[in-house]
Each structure stands twice: as C-alpha cells, then as structure tokens.
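1. task: produce atomic coordinates for the following.
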Amino acid sequence: MFSAWPDSLWAIERREHVSSPAEDGSRADVVIVGAGYTGLWSAILLKELRSDLDVVVVDAVAPGYGASGRNGGWCSGLLPVDAAQLTTLHGADAALAMQRAAIAAVGDVGRYLDDHRISCDWAMSGTLTVATNRAQRDRAVASIAESRTFGLTDNDLRWLDPAELDPRVRVNGALGATYSPHCAALHPMKLVNGLVARANALGVRFALGLRVGSIDDNGISGDFGNERIRIGAPWVVRATEAYTPAIAGNRRTIAPLYSYMVATEPLSDAQWSDIGWSARETLAEGRHMVTYAQRTADGRIAFGGRGAGYRFASRVTSRFDVDPRVHRRILDTMHSLFPSTREANITHRWGGPLAMPRDWHPSVVVDRTSRRIRAGGYVGDGVALAHLAGRTVAAAIAGSDSPDLGLAWTRHVSRNWEPEPLRWVGINAALRLPDLADAFERRTGRPARRTIALMDRIM
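-> Numbers count the residues shown, from 1 in each chain. Sure thing, here's the model as predicted:
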C-alpha cells in the first residue's frame, strides 16, 4: 500500500538509511512510530536531553516517505487553527502564547541547522499572500486588523501595496499582499537527510519497513514482511500523521486529505527577470482553495494546491499520489499568476496525504499514566510545528521543566470524525465550497459570505 515513492522534485535527494533488524520480543526505552519530522525531532531532542535512553524510530517505509519528504518546503509560523478559535478554546493569553511559540519555532529550526551544519537550501525571507481581486484584498486587510486584536504587530504581519510588492515578486493582477517575516523556504528531503544523520550521530536506532498496526500497554506490534513483530517499550510516541487511521483504534482520529504539487524546469534568466522573486519568499494567493509556492534554490518554481476529494474510509495508497485533474488546475493557477511560466516544461507532478483533525487543531497529548504520547494534526503547516512538538515530546519523556509543556496544544484533544458514510459525504461536500467561493469572488470582486458561512458550519 505504501511502497512506491512519488515522482517528487525532492525525491532525487532520497538516501538509503541504515536500519536495525526488527526482532520480535526486543525492547527499547522509547519507541517512536513515524520517521517524519515529528518523529525525527522527537528522537534527536530526547537523545540530547537523555543520551542514556535507547530510542528506536519505527517506520513502515523510510524517513521522509510521507508529507515530510514531499511538502512545499515552507517552514512557517502559521497555525492551521485561526486566532479566534484558539482564543475561544484556550483564552487570549494562552492563544497568543501558542502563536508566539509557533513563530519562534521557525527561528529555532534555522539556528539548529546552522549549529549542526545541516544544509537544506534554507532561505529565511518570509511569506507573501497575494491578493488578485477586491475580495481577497479586503479579506487580507481584515486579517491584519484581526491579528492586531490578537496581540501581533506590524513586525509579524503587514500589508504591501503593489509598489512595495513589485520589487519582491511580480504577480499578474496583484493588488497587494500581506507579508510576514516568519517563514523560510527549504528543500524538504535535504532536511530529512540532515535530521537522520544527526539522529544517527546521537545513537538513535531505526527499524524501517515495520508497519505498526497497534499500540498497547506493552509497546507496539506490526508486520515486517510476513513476520509479526512486537517491540516492548515503557514510552511510545505516535507521530504518524496521515497514516494514523492504519493503527488500531484510530480510524476516525484524523482525515487524510491529499495535496498536490508541480515543479517547472529551471527557468531562464529572462523568465526570472520578468518574475523577480530573488529573495525566495514563500508565496500563496489569497483564494479560499489553498495554494503554496516557492522559488527553489536551483531556479525552479515548485507550486502546490489542494482540492482533491477525500477517499472513503480514510484510505491512503500510492495510487492517489497523482491526480491529473488537480494537477491541471494547479498549473492553470501558476500560469495565471506567472504568465511567463507557460513556456516552461513541467518536470515533476506529485502529491501526498496530510492529516486533518476534526477541528483543524494540532496537538501534543501526553498521557503520563500510560506513558503514551501522540503528536501531530498540522493540516499541512507542520515543518516548524514538528520541531516544537518534538521539543515538547522530549521534555515530557526526559522529565525536564520546559514551558513547552504548558502550551495550549498539550491540553487539547480533538473530537473524532463522524463515521462513514457521513465523513465522506460531509468532507467532500465541504471541499467543493472553496472553489465556488473563489469563482464568485473572481467574477464579482465581492466576498462570498454565504458560501464562507456554510464552509465554517460544515468544517
């Protein structure tokens, strides 16, 4: 089910990593299920706190096989849950502290990469959300005003008019953009490789090719080829994101949603002269249907978006990694924003699943009685949050007195998704609404208030 690697731009950097034999009945002090960013950061930061612990990272395929190795390469201070909902759930002070921690995590990642000489094409130049119609512009300006009431400042998010935006990047039809400095562009698989190398240097063991099917009071069990394997451990961390429904008892914990990307060939000097974008800010358009893009270090545009349907019963398989319909729409969007890319060859098309909790709220839940931890639910905003989650996991297991353990997401448990077929009907109905809202706003320039209200009610 999870065997073929996607034809991702980043996959050319994929490495074969050393794996320890998966032996039935073996034991470790800590087993971490999932070798994505959350699992890797948890293992690394825990070993830095407690070098005496035997830490094993288990993965069904290999490090970076999931979203960590195929994402858009944004390390951002974004949270998938909005400020108003955070405040309602946790109070104003706790909500702002959570947002500040997410923002700080971006700089923390950058400093760690510098300190340990991890090269991943890091460019800390911020992020732009470009408005191409009046409704998008009005929504962007309103988001800035809301951020001020939340406690953020002009140093966190501000408006760029067209004259300020143009020297950064030239986007067709742009009426301006919001700008936040709290984001870096990077190469996702190079980051995976650097983290694996750091984990190996610290003595972390990897058991790859072990497909975990259950987590219980004694440890984990799963399939290694045709062999059933059990590994005992006092502490187990579940960091499986979109693959969580494959673990017993978690069918409704998250909904796996697919996101897709394309990459151009390296653009010519003439094309880059037309576009600009020399600082490599990450970039999105302010439409309701999510888009995300970066200028890569080797001079390509990597452009992604959502819009694919949810698969019945939370199915995740390599067959879903390409969707010609969605890829065509992503290309159309890229060409509309950057007309000079119409002449560029598209060298890669790929996709992959991300994890969406019922309320879009990420969490790090520590059960000290059972010594079981679950972390994730980033809805695509996980590169920096995974570092913060790993730091929180490490502090919990090591018993350190860290302020991370008091953050709002350690006290939050999302409710389960509805059973099928309600889940399939509801999610897929909701996924059509952003397209309808965007079409209305492009045509009229006015906010699609009724459609937006319906989206909020369903999701």
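
2. going forward, measure contacts and count neighbours with C-alpha atoms only.
-> Fine.

3. strands of the stretch 301-450 of the chain, start to end?
-> Ranges of strands in the stretch 301-450 of the chain, per DSSP state E, counting those that start in this stretch, are 301-305, 346-356, 363-367, 372-376.

4. JSON lines for those strands, including mean pLDDT, distance to Leu160 and mean neighbour count?
-> Converted to JSON lines, the strands of the stretch 301-450 of the chain look like this (pLDDT from 0 to 100; distance: least, CA to CA, whole Å; neighbours: other CA atoms under 10 Å):
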{"stretch": "strand 301-305", "mean pLDDT": "97", "distance to Leu160": "22", "mean neighbour count": "24"}
{"stretch": "strand 346-356", "mean pLDDT": "97", "distance to Leu160": "31", "mean neighbour count": "22"}
{"stretch": "strand 363-367", "mean pLDDT": "97", "distance to Leu160": "33", "mean neighbour count": "21"}
{"stretch": "strand 372-376", "mean pLDDT": "98", "distance to Leu160": "33", "mean neighbour count": "23"}
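
5. quick one, which of these is nearest to Leu337?
-> Minimum separation from Leu337 across the strands of the stretch 301-450 of the chain (CA to CA) falls at strand 301-305, 11.0 Å.

6. how about the helices in the stretch 301-450 of the chain?
-> Assigned by DSSP state H, counting those that start in this stretch, the stretch 301-450 of the chain shows helices spanning 324-337, 382-398, 422-444, 449-458.

7. heading C-terminal from the helix or strand where Leu96 lies, find the next helix or strand.
-> Element membership of Leu96, judged by DSSP states H and E, is helix 92-115. Per DSSP H and E, helix 92-115 leads on to strand 127-131 as the next helix or strand towards the C-terminus.

8. what angle sits between that next one and helix 324-337?
-> Angle of strand 127-131 versus helix 324-337, following axes from the mean of the first three to the mean of the last three CA atoms, to 10 degrees, is 80 degrees.

9. quick one: low-confidence residue ranges for the protein.
-> Applying pLDDT under 70 to the chain picks out residues 1-3, 454-459.

10. can you give me the distance of the residue lying closest to Arg415 once chain neighbours are set aside to Asp298?
-> Among residues not flanking Arg415 along the chain, Arg358 sits closest, at 6.2 Å (CA to CA, 6 or more residues apart in numbering). Remark: distance between Arg358 and Asp298 (CA to CA, to the nearest Å) = 38 Å.

11. kindly report the same for Arg117.
-> For Arg117, the distance to Asp298 - CA to CA - is 20 Å.

12. hey, where'd the helices end up in the stretch 101-250 of the chain?
-> Secondary structure of the stretch 101-250 of the chain (DSSP H, counting those that start in this stretch): helices at 134-150, 162-165, 188-202.

13. hang on, the earlier thing: so what touches the helix holding Leu96?
-> Identification of contacts with helix 92-115 by CA atoms under 8 Å, 6 or more residues apart in numbering yields 75-79, 83, 86-87, 119, 122, 150-151, 182-184, 384-385, 387-388, 407-409.

14. which among the residues you listed end up buried?
-> 75-79, 83, 86, 122, 150-151, 182-184, 384-385, 387-388, 407-409 (16 or more other CA atoms under 10 Å).

15. returning to what we had before: distance to Val33 for the strands of the stretch 301-450 of the chain - can I get that in a markdown table?
-> Shown next, in a markdown table, are these (distance: least, CA to CA, whole Å):
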| stretch | distance to Val33 |
| --- | --- |
| strand 301-305 | 28 |
| strand 346-356 | 15 |
| strand 363-367 | 14 |
| strand 372-376 | 10 |
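
16. Asp217: which of those is closest?
-> Short answer: strand 372-376, nearest of these by CA to CA, at 8.5 Å.

17. tell me which other helices or strands that closest one touches.
-> strand 235-238, strand 363-367, helix 382-398 (3 or more CA pairs under 8 Å, 6 or more residues apart in numbering; DSSP states H and E).

18. let me see the contact set for Arg238.
-> Ile32, Val33, Gly34, Arg372, Ile373, Arg374, Ala375.

19. also Arg442?
-> Neighbour list for Arg442: Asn133 [criterion: CA under 8 Å, 6+ apart].

20. repeat for Thr127
-> Counted by CA under 8 Å, 6+ apart, Thr127 has contacts Tyr179, Ser180, Pro181, His182, Cys183, Ala184, Glu281, Thr282, Leu283.

21. re the thing from before, so which of the helices and strands packed on strand 372-376 comes closest to Asn428?
-> Ranking those by their distance to Asn428 (criterion: CA to CA) puts helix 382-398 first, at 23.2 Å.

22. more neighbours, Arg358 and Asp298?
-> More crowded of Arg358 and Asp298, by other CA atoms under 10 Å: Arg358, with 17 against 10.

23. thought Pro419 was touching the more buried one, still the case?
-> No: the criterion here is CA atoms under 8 Å, and Arg358 misses it with Pro419 at 12.0 Å.

24. how many residues are close by Tyr37?
-> Neighbours of Tyr37 using other CA under 10 Å come to 29.

25. quick one on the thing from earlier: among the helices of the stretch 301-450 of the chain, which is the most enclosed?
-> Of all the helices of the stretch 301-450 of the chain, helix 382-398 has the most neighbours on average by mean count of other CA atoms under 10 Å, namely a mean of 25.

26. so Leu283 touches Thr296, yeah?
-> No: with contact defined as CA under 8 Å, Leu283 and Thr296 do not form a contacting pair (11.9 Å).

27. using the three-state scheme, assign Arg252.
-> When classified by DSSP: H, G, I helix; E, B strand; the rest coil, Arg252 comes out as coil.

28. enumerate every residue touching it.
-> Arg252 touches Pro245, Asn416, Trp417, Glu418, Pro419, counting by CA under 8 Å, 6+ apart.

29. how far away is the third one from Ile254?
-> Between Trp417 and Ile254 the distance, using CA to CA, works out to 7 Å.

30. and those two? which has more neighbours close in?
-> More crowded of Trp417 and Ile254, by other CA under 10 Å: Ile254, with 27 against 18.

31. stretch 220-227: which residues count as buried?
-> In stretch 220-227, counting by 16+ other CA under 10 Å, buried: Ile220, Ser221, Gly222, Asp223, Phe224.

32. picking that back up, ranking the helices of the stretch 101-250 of the chain by burial, who's on top?
-> A comparison of the helices of the stretch 101-250 of the chain by mean neighbour count, using mean count of other CA under 10 Å, puts helix 188-202 on top with a mean of 21.

33. and that helix, what does it pack against?
-> Contacts defined by 3+ CA pairs under 8 Å, 6+ apart place helix 188-202 against helix 37-49, helix 67-70.

34. could you give the angle of the helix or strand harbouring Ala84 to helix 134-150?
-> Using DSSP H and E, Ala84 maps to helix 83-90. Interaxial angle, helix 83-90 versus helix 134-150 (the same axes, to 10 degrees): 40 degrees.
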